[in-house]
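Novice: Give me a 3D structure for the following:
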Amino acid sequence: MLNGRMWAFLIIMSADVICSSMLMFYDMDSKQVASKESMNKHNVKLDKILVFAFSGICAALYIALLFWYFFLIWKTFPFKFGLLGTLIKKVPILVATPFFIALFFVEKFLRIVSELCF
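Specialist: The predicted structure is shown next:
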């Protein structure tokens, strides 16, 4: 049976998957889309707004996920007494999560800056 924490995790992860998938389909560069006959009336401004909006939603979800991980482990014995090596050996995903979130922010930053500057 799932408790409240697991439901929160499932909701955050599902919303993240949906937002990240939506970002894959929005094009911030109109050169690729405007060349096709059926896409001449493509609204590029709306795509740019949606990319910014979904990037912000994804960033908020990743921060919520980071807090969820912290609140999950903060009452454990190894965390209370500073035995982080033991905790990381038991739950190795804890090391990968901050790197994954950092890579997300770097990728979104580069995508948005490349659109604004070039």
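
Novice: Would you check how far apart the nearest residue to F52 once chain neighbours are set aside and V17 are?
Specialist: On the basis of CB to CB, 6 or more residues apart in numbering, the spatially nearest residue to F52 that is not a chain neighbour turns out to be I112, at 7.1 Å. The C-beta positions use only the backbone N, C-alpha and C, and glycine is treated the same way. For I112, the distance to V17 equals 21 Å [CB to CB, to the nearest Å].

Novice: buried stuff in whatever helix or strand the residue nearest to F52 lives in?
Specialist: Here I112 is covered by helix 93-117, with elements defined by DSSP states H and E. Neighbour-count burial for helix 93-117 flags L94, T97, I101, F104, K108 (criterion: 16 or more other CB atoms under 10 Å).

Novice: name the helices or strands packed onto that helix?
Specialist: Here helix 93-117 touches helix 44-73, helix 84-90, going by 3 or more CB pairs under 8 Å, 6 or more residues apart in numbering; DSSP states H and E.

Novice: and M6, which of those helices is closest to it?
Specialist: When the helices and strands packed on helix 93-117 are ranked by distance to M6, counting by CB to CB, first place goes to helix 44-73 at 10.0 Å.

Novice: buried residues in that closest one?
Specialist: Applying a neighbour-count criterion of 16+ other CB under 10 Å, the buried positions in helix 44-73 are 47-48, 50-51, 54-55, 57-58, 61-62, 64-65, 69.

Novice: quick check, nearest of the residues you listed to T76?
Specialist: Taking CB to CB as the measure, T76 sits nearest to Y69 out of the buried residues of helix 44-73, at 11.7 Å.

Novice: among the helices and strands of the protein, which has the poorest mean pLDDT?
Specialist: Comparing helices and strands within the chain by mean pLDDT, DSSP states H and E singles out helix 30-34 as the least confident, with a mean of 51.
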